[in-house]
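S.K.: build the 3D model from these lines:
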Amino acid sequence: MTTIPDVAAVLERIRKVRQIRQYRPDPVPEQALFQLLEIARWTGSSRNRQPWHFIVVDDRELLRQLSQLRPPIAWLAGAPLGIAIVLDGHDEISEAYDEGRVTERLLIAAKLLGLGGGVAWYGEAEQQAAAKRILGIPAERTARSIVAIGYPLSTRDPRPSPVTGGRKPLDELISFNRYGERRR
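M.R.: Numbers count the residues shown, from 1 in each chain. Predicted structure coming up:
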């Protein structure tokens, strides 16, 4: 079995993956972009359907237009690159699960490559339809989000109503064998 030389270091980097909403203007190196796309391509999916198509968006005007779909994603305009996730549109529940899996993989891979990533959700059906028009996505496809990628400028949340950080204590989140049971 292959092992990672410093598992603790990798786990610590994964634990520190954060939503990045402020980026330096530097472009994402093409090698890093294609490493991210390979990670996305190899992400597991329900019944191995691989229901996705990825649109690499590096056109600043398109990113600006997407950022205007709703105020909480205005930060998207400052990202040097986005990877829009387009789904087949055949099975809403399993595709939502698959979208979450590929999104998290992209965020982790970006962190491991020395980049940062943030997810921008387009919004409700009307905003999703507008995003599809902006990116030329066929109406029958599903498009709910784009993963911004770039070099982090800050981990601060620039939105008008930022959410406080931190985590609940582990003992509030776990049970053993049955819901609510503590370890004996």
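
S.K.: and the next element down the chain from the longest helix seen in the chain?
M.R.: Ranked by residue count, the top helix of the chain under DSSP state H comes out as helix 92-112. The helix or strand immediately downstream of helix 92-112 is strand 116-121, counting by DSSP states H and E.

S.K.: now the helix or strand following that next one against strand 116-121, angle please.
M.R.: Downstream of strand 116-121, the next assigned helix or strand under DSSP H and E is helix 125-135. Orientation check (axes from the mean of the first three to the mean of the last three C-alpha atoms, to 10 degrees): helix 125-135 against strand 116-121 gives 120 degrees.

S.K.: show me what helix 125-135 is packed against.
M.R.: Packing partners of helix 125-135 (3 or more C-beta pairs under 8 Å, 6 or more residues apart in numbering; DSSP states H and E): helix 60-67, strand 81-87, strand 142-150. Where you see a C-beta, it was placed from the backbone N, CA and C, and this is true even at glycine.

S.K.: okay, the residue lying closest to Val10 once chain neighbours are set aside: pLDDT?
M.R.: Spatial nearest neighbour of Val10, excluding adjacent residues (C-beta to C-beta, 6 or more residues apart in numbering): Ile4 at 5.6 Å. Ile4 is assigned 75 on the pLDDT scale.

S.K.: does Ile4 belong to a helix, a strand or coil?
M.R.: coil (DSSP: H, G, I helix; E, B strand; the rest coil).

S.K.: rewinding a little: could you give the mean pLDDT of the longest helix of the chain?
M.R.: Helix 92-112 carries an average pLDDT of 96.

S.K.: quick check: buried residues in that helix?
M.R.: 95, 98-99, 101-111 (16 or more other C-beta atoms under 10 Å).

S.K.: Trp52: which of the helices and strands packed on helix 125-135 is closest?
M.R.: Among the helices and strands packed on helix 125-135, the nearest to Trp52 by C-beta to C-beta is strand 81-87 (5.8 Å).

S.K.: what lies in contact with the closest one?
M.R.: Strand 81-87 is contacted from outside by 27-28, 33, 36-37, 40, 51-58, 63, 66, 76, 95, 98-99, 102-103, 106, 120, 131, 135, 137, 141-150, using C-beta atoms under 8 Å, 6 or more residues apart in numbering.

S.K.: repeat that for stretch 25-42.
M.R.: Contacts for stretch 25-42 (C-beta under 8 Å, 6+ apart): 50, 52, 54, 56, 58, 80-81, 83, 102, 105-106, 109-110, 113, 115, 149-151.

S.K.: again, only using 6 Å
M.R.: Phe54, Pro80, Leu81, Val102, Arg105, Leu106, Ala109, Leu113, Ile149, Tyr151 (C-beta atoms under 6 Å, 6 or more residues apart in numbering).

S.K.: thank you, goodbye.
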